[in-house]
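only geometry, no sequence info:
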């Protein structure tokens, strides 16, 4: 890890120091990266009054794009003022887009890929900045600079006797900075630097499971304001299956800890078994990573072993070979969602299309949930290859 020693003259009278919520050296740290790397596409998650936004608009190249996002519509220190109000007052706001009252996942498609600079400075309590980083990483270029502020906020406030009881838990950004993998990291050359930066490189992506492991530590707030179903869907489609499994389990455990009823599992589920004898099974061929296939022990008997398939993909294919003659049974269900008493809650799935070997199975939509599945059966031969295609959506009525 490199330490940066800054000179006082790196900050000029033209640089904003009002409502930045950074000290002079931290402002200079951020400025040096902008001026040296000259990013073309900048994302700022966490705006507050917009003090930092003012500087970013002044420092960036005129043609560089800046996207500023904050989930709060009003400034947390004064609800009479809007988030980012300082930047609103600037005359020059070239290539700037402000999103008030939005989470990053609400706008990521509009922002697009090839982000080469991002600063994350949000709530500082678990799981805050972890959600922001996980949401943004798939759109960050290799070589992107990530700046994290308040990486030692809890230590500095306690050391200076300037803290409330909850400040000791303000270590979220520090856990993210320490846990992320990168071949190049920077901090200020101070006994305790409260700002850090790193480069997104191959190791960041290869070791991303480390971040999901850290995310499983105790949360100090529950992000009920976020669309958690969207996060599950996004992680399912953009990260390895084991990362999704960790996130999904963690989310449910944390919800239980905060006594929050969570209903986010909105996916299609298909149960398949080739019944015959204990050696009967199906072997999958050419399925994508976005489809989760499991052979649970409860689905194994003297008649064969069954498979449970779950996916967030609203159209998906399955291809498998039948081992041994038998009766193929395909059940179209909804996910297994339960309330606090363990009772299943209906989550209706609208199956719009079901084809087997290019033959349409039903003509009209089928509404199914876990305890009321649509069942299709046919006899199959040993070695027979079956290709299935489904289209579905969540039934909201």
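Thanks, I have it. Only a predicted model underlies this, so the values are computations on that prediction, with no experimental measurement involved. Residues are numbered from 1 along each chain as shown.

low-scoring stretches of this structure, by residue?
1, 4-9, 157-167, 263-265, 287-290, 339-340, 396-397 (pLDDT under 70).

Now do the helices in it.
24-37, 51-59, 85-88, 104-111, 128-136, 153-159, 172-179, 202-206, 209-215, 228-238, 241-257 (DSSP state H).

Show me what the second one is packed against.
Using 3 or more Cβ pairs under 8 Å, 6 or more residues apart in numbering; DSSP states H and E as the contact criterion, the neighbours of helix 51-59 among helices and strands are helix 24-37, strand 41-45, strand 65-70, helix 85-88, strand 96-100. In this view, the C-beta of every residue, glycine as well, is placed from N, C-alpha and C.

The shortest one: which residues count as buried?
So the one you mean is helix 85-88. Applying a neighbour-count criterion of 16 or more other Cβ atoms under 10 Å, one finds 85-87 buried in helix 85-88.

Dump those to JSON lines, plus distance to residue 117.
Output for the buried residues of helix 85-88, formatted as JSON lines (distance: Cβ to Cβ, whole Å):
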{"residue": "85", "distance to residue 117": "23"}
{"residue": "86", "distance to residue 117": "20"}
{"residue": "87", "distance to residue 117": "17"}
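
Nearest residue to the spatially most central residue of the chain in space, please, no chain neighbours.
Nearest to the geometric centre of the chain sits residue 135, at 4.0 Å (Cα atoms, centre = their mean). Nearest residue to residue 135, sequence neighbours excluded (Cβ to Cβ, 6 or more residues apart in numbering): residue 104, at 4.5 Å.

quick one: that neighbour from residue 49, how far?
Here the distance between residue 104 and residue 49 works out to 20 Å (Cβ to Cβ, to the nearest Å).

the more surrounded of those two?
Neighbours were counted for residue 104 and for residue 49 using other Cβ atoms under 10 Å; residue 104 has more, 26 against 22.

Tell me who's in contact with the more buried one.
43, 45, 69, 132, 135-136 (Cβ atoms under 8 Å, 6 or more residues apart in numbering).

cutoff 6 Å now
45, 69, 132, 135-136 (Cβ atoms under 6 Å, 6 or more residues apart in numbering).

Residue 311 now?
Applying Cβ under 6 Å, 6+ apart, the residues near residue 311 are 267-268, 291.

Show me how to select, in PyMOL, the buried members of those residues.
In PyMOL syntax, the buried subset of those is picked out as below (16+ other Cβ under 10 Å):
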select buried, resi 267+268+291
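
Setting aside sequence neighbours, what's the nearest residue to residue 97?
In space, residue 97 is closest to residue 67, 5.1 Å off (Cβ to Cβ, 6+ apart).

Quick check: the one you found touching residue 111?
Yes. The pair residue 67 / residue 111 is scored as a contact, 5.2 Å apart, by Cβ atoms under 6 Å.

neighbour-wise, which of the two wins?
Neighbour comparison, residue 67 and residue 111: the larger count goes to residue 67, with 22 against 18 (by other Cβ under 10 Å).

Tell me which residues touch the more buried one, please.
43, 97, 111 are the contacts of residue 67 under Cβ under 6 Å, 6+ apart.

how about a cut-off of 8 Å?
Contacts of residue 67 by Cβ under 8 Å, 6+ apart are 41-44, 96-97, 99, 107, 111.

Which of these are buried, as a ChimeraX select command?
Filtering those down to the buried ones (16+ other Cβ under 10 Å) takes a single ChimeraX command:
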select :41,42,43,44,96,99,111
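
so which of the contacts of residue 67 comes closest to residue 17?
The closest of the contacts of residue 67 to residue 17 turns out to be residue 44 (Cβ to Cβ; 17.2 Å).

partner residues bridging the closest residue to that closest one other than its chain neighbours?
Distances taken as Cβ to Cβ, 6+ apart put residue 68 closest to residue 44, at 4.5 Å, once the chain neighbours are dropped. Listed by DSSP bridges, the beta-bridge partners for residue 68 are residue 44, residue 98.

burial count for residue 68?
24.

what does the one 3 residues further on give?
Residue 71 sits with 21 neighbouring residues when counted by other Cβ under 10 Å.

Give me the distance between the closest residue in space to it that isn't next to it in sequence and residue 153.
Closest residue in space to residue 71, ignoring its immediate chain neighbours: residue 103 at 5.3 Å, by Cβ to Cβ, 6+ apart. To residue 153, residue 103 is 22 Å away according to Cβ to Cβ.

How is the chain partitioned into domains?
2-257, 268-394 (automatic domain parsing).

so of these, which one's packed in deepest?
domain 2-257 (a mean of 18; mean count of other Cβ atoms under 10 Å).

Quick check: residue 235 touching residue 247?
Yes. If you go by Cβ atoms under 8 Å, residue 235 and residue 247 touch, sitting 5.2 Å apart.

picking that back up, looking at the contacts of residue 67, which one is closest to residue 372?
The nearest one, if we look at the contacts of residue 67 relative to residue 372 and count by Cβ to Cβ, is residue 107, at 37.2 Å.
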